[in-house]
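Peer 1: got a predicted model here, sequence first, then my questions.
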Amino acid sequence: MMAIFALVSLLATALAAPVIQPAAQVVTFQLTNDIAGITATGNIAANGVAVRLGDLFGNTNLVENGRVVATSAQLVANFQNTFCIFQNGGQAVDIANEQMPFAELDGVEGVAVETDVTDFTFLCEI
């Protein structure tokens, strides 16, 4: 009887313990303006929450006349097993993942076109 009470007490304690969620994986990526030869690096949690590129890069050398201008992006660290997407106005611009870490932000494959990406969003998830 005492063993059953001890087991029930142990289970109750274990179930009452708080569940600790692991910290979200942080993906490092860079935006590039191939025309100007400028690159800036940013980080985003791989938690499925979209982040506005203007908020991440608004204080970098990619800013021209108050707007973030880039041509492409590339995942550079901690992107294993992630799926990332760049969006503009809710429409997919390009995706990036472990197999395809490079993304065209200007919409023109193979040709660099300076593009205002201030209001683009970026999200990653595992």
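Peer 2: Perfect, I can see it now. In this text, all values refer to a predicted model and were calculated from it rather than measured experimentally. Residues are numbered from 1 along each chain as shown.
Peer 1: quick one: buried residues of the host helix or strand of residue 124?
Peer 2: In this structure, residue 124 sits in strand 121-125 according to DSSP states H and E. Within strand 121-125, the residues that count as buried by 16 or more other C-beta atoms under 10 Å are 121-125. Backbone N, C-alpha and C define where each C-beta goes, glycine included.
Peer 1: same check on stretch 35-49?
Peer 2: Going by 16+ other C-beta under 10 Å, stretch 35-49 has these buried residues: 38-40, 42, 44, 46.
Peer 1: count the residues that sit near residue 50.
Peer 2: 14 (other C-beta atoms under 10 Å).
Peer 1: same deal with the one 4 residues further on?
Peer 2: The criterion is other C-beta under 10 Å. On that basis, residue 54 has 17 neighbouring residues.
Peer 1: hmm, back to that, any idea how far the strand holding residue 124 is from the chain center?
Peer 2: On the basis of C-alpha atoms, centre = their mean, to the nearest Å, strand 121-125 sits 4 Å off its chain's mean C-alpha point.
Peer 1: contacting residues around residue 91?
Peer 2: Contact analysis of residue 91 by C-beta atoms under 8 Å, 6 or more residues apart in numbering lists nothing.
Peer 1: that older thread, would you list the buried residues of strand 121-125 in CSV and tack on distance to residue 70?
Peer 2: Listed next are these as CSV, based on distance: C-beta to C-beta, whole Å:
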residue, distance to residue 70
121, 14
122, 11
123, 17
124, 17
125, 22
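Peer 1: out of the residues you listed, which one sits closest to residue 105?
Peer 2: residue 122 (9.8 Å; C-beta to C-beta).
Peer 1: gap between the closest one and residue 84?
Peer 2: 7 Å (C-beta to C-beta, to the nearest Å).
Peer 1: anything in contact with each of these two?
Peer 2: 29, 44.
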